[in-house]
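[1] Predicted model follows, preceded by the sequence.
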Amino acid sequence: MRTGGDGIFRWRRAEHAWPTLALGALLLAFVASPANAQFFSDRPPPIPPASVPDPGAAVSLAPPSGPGAAIPPPVGAPSSLPPALTQPSIASAPPGGGAPGQAVLALSARYGKDMPAINGGLVWRIFADHPDETGTFKMIREDRNPAPNIVLPPGGYVVHVTLGLVSAVRAVTLKAETDHELFLLPAGGLRIEGRVGTSKIPQNQISFAIYKGSQFEGGDRAPLVPSVAAGDLVLLPEGIYYIISNYGDANSVVRSDIRVQAGKLDDVVVTHRAAVITLKLVSGEGGEALANTAWSVITPGGDVIKETIGAFPRMVLSEGEYRAIAKNEGKVYERPFNVVNGVDGEVEVVAR
């Protein structure tokens, strides 16, 4: 999808079936990168409710649909297993079941009922189904394999699984046999980059925030994902979202509505109409820049776009008309200038 500052959407959508592109490998590689871990639910899971659903009924714990809602942080959830519950290594259990007196919980997940299996990025957590004397539902096991077989004593448990910002919870009762549990997690992926004309905007000059719903819906909302770097993979529940893209720190801002589809990866291109401008206050044309200069960049209507101090301030501005105002040693100088899309340049203000 290409979206310009004029609000016109220009589609360049790469809807790839994730199995075709071996997206499982991409997910695994992405999870392994500490810089990208924020986009997966690495945070401690929510405490299972005191009343859990009947076994077999999956309940979505995706971010609520209200304005600015996100997965709430847990209250009192242990971030790691307590000393009394050391976690043994979890090996694949044989198909026929576990050791005598033990049960096998075989877990798997798909993007939808008739969609491919999810083969990376999952975090499974097993909780006791009753709180302890402190009122806490203790976490018994955690596993990051896509389809683990977990050996447990027979009894009741609560299974919690996350993929990015999509999650589900289910109560299970294990007997001395293998219990197969399939979860449906309708997640889709986004990779976003910014461009000016045909040029890719460097990663360190652009940032993205993702919000739930359309930009045309009323009300203020907090971002669902406040800071996404260009090229990062973000996993979200299927649905409508909008992206706010900031190129630089002045006025080059673009808003784009997108739709996330379960089991698909969308490459989204956000197009800015802007340029990089360097300001100089000189005593004569082509002269050296004067230090300790205070700058204001304003619109023809007088709106202040950017204020800074320095000899060579560099800023990203949307295309349009501006005035540069320079203050140095108690004197004020100014000059009008235009910004042309994709044409970086230098604006000299002569001190006379």
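    Yes, it's here. Numbering: from 1, shown residues only.
[2] can you list the weak-confidence ranges in this structure?
    1-100 (pLDDT under 70).
[3] what are the ranges of the helices in it?
    Assigned by DSSP state H, the chain shows helices spanning 23-31.
[4] OK, contacts around the closest residue to Ala117 other than its chain neighbours?
    With sequence-adjacent residues excluded and distances taken as C-beta to C-beta, 6 or more residues apart in numbering, Ala117 is closest to Arg110, at 5.4 Å. Using the backbone N, CA and C atoms, a C-beta is placed for each residue, glycine as well. With contact set as C-beta atoms under 8 Å, 6 or more residues apart in numbering, Arg110 has these partners: Pro116, Ala117, Ile118, Leu182, Phe183, Leu184, Leu185.
[5] Count the residues that sit near the nearest residue to the fourth one once chain neighbours are set aside.
    Closest residue to Leu182 apart from its sequence neighbours, by C-beta to C-beta, 6+ apart: Ser108 at 5.4 Å. A count of nearby residues for Ser108, using other C-beta atoms under 10 Å, gives 18.
[6] now do the one 3 residues further on
    Residue crowding around Tyr111 was assessed by other C-beta under 10 Å; the count is 23.
[7] So it sits against Leu185, correct?
    Yes: with contacts counted by C-beta atoms under 8 Å, Tyr111 reaches Leu185, the gap being 6.6 Å.
[8] overlap in contacts of those two?
    Common neighbours of Tyr111 and Leu185 (C-beta under 8 Å, 6+ apart) are Ile118.
[9] So for stretch 263-278, what gets flagged as buried?
    Neighbour counts over stretch 263-278 (16 or more other C-beta atoms under 10 Å) mark 263-277 as buried.
[10] buried residues in stretch 298-306?
    Ile298, Ile305, Lys306.
[11] could you dump these to CSV with distance to Arg125?
    CSV is the format used below for the buried residues of stretch 298-306 (distance: C-beta to C-beta, whole Å):
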residue, distance to Arg125
Ile298, 54
Ile305, 48
Lys306, 47
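[12] Out of the residues you listed, which sit inside strands?
    If you go by DSSP state E, these have Ile298, Ile305, Lys306 in strands.
[13] so what's the residue nearest to Gly188 when sequence neighbours are not counted up against?
    Take Gly188 and drop its neighbours on the chain: the residue closest to it by C-beta to C-beta, 6+ apart is Val260, 3.9 Å away. Counting by C-beta under 8 Å, 6+ apart, Val260 makes contact with Gly188, Gly189, Leu190, Leu236, Pro237, Glu238, Gly239, Ile240, Tyr241, Asp266.
[14] And the buried ones among those residues, selectable in PyMOL?
    Here is the PyMOL selection string for the buried members of these, based on 16+ other C-beta under 10 Å:
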select buried, resi 188+189+190+236+237+238+239+241+266
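[15] Which of the contacts of Val260 sits closest to Ala168?
    Pro237 (10.7 Å; C-beta to C-beta).
[16] Beta-bridge partners for that closest one, please?
    Bridge pairing for Pro237 (DSSP bridges) gives the partners Ala187.
[17] do you know how far it is from Gly164?
    Distance of Pro237 to Gly164, given as C-beta to C-beta, to the nearest Å: 8 Å.
[18] And Gly189, by the same measure?
    8 Å.
[19] shared neighbours of these two, anything?
    Contacts common to Gly189 and Gly164, judged by C-beta under 8 Å, 6+ apart, are Val234, Leu235, Leu236.
[20] residues contacting the last one?
    Applying C-beta under 8 Å, 6+ apart to Leu236 gives the contacts Gly164, Leu165, Val166, Ala187, Gly188, Gly189, Leu190, Ile210, Leu224, Val225, Val260.
[21] swap the cut-off to 7 Å and go again
    Applying C-beta atoms under 7 Å, 6 or more residues apart in numbering, one finds that Leu236 lies in contact with Gly164, Leu165, Ala187, Gly188, Leu190, Val260.
[22] Please apply the same query to the first one.
    Contact analysis of Val234 by C-beta under 7 Å, 6+ apart lists Phe39, Gly164, Gly189, Leu190, Ile210, Val225, Val228.
[23] and Ala230, how many neighbours?
    By other C-beta under 10 Å, the residues close to Ala230 number 19.
[24] How about Val169?
    23.
[25] I'd say it and His160 touch.
    Yes: in this structure, Val169 is within contact of His160 by C-beta atoms under 7 Å, at 4.9 Å.
[26] can you name the two of the contacts of Arg110 that are farthest apart?
    Spatial extent of these (C-beta to C-beta) is set by the pair Pro116 and Phe183 at 13.7 Å.
[27] overlap in contacts of these two?
    Residues touching both Pro116 and Phe183 by C-beta under 7 Å, 6+ apart: none at all.
[28] neighbour count winner among those two?
    Remark: of Pro116 and Phe183, Phe183 carries more neighbours, 21 against 15, as counted by other C-beta under 10 Å.
[29] Might you report the residue contacts of Asp344?
    By C-beta under 7 Å, 6+ apart, Asp344 lies in contact with Ala275, Val276.
[30] Distance of it relative to Gln205?
    To Gln205, Asp344 is 12 Å away according to C-beta to C-beta.
[31] and what of Asp132?
    Taking C-beta to C-beta as the criterion, Asp132 is separated from Gln205 by 51 Å.
[32] Comparing the two, which residue is more hemmed in?
    Taking other C-beta under 10 Å, Asp132 and Gln205 do not tie; Gln205 has more neighbours (15 against 10).
[33] Check the gap between that one and Lys331 for me.
    Computed as C-beta to C-beta, the Gln205 to Lys331 distance reads 33 Å.
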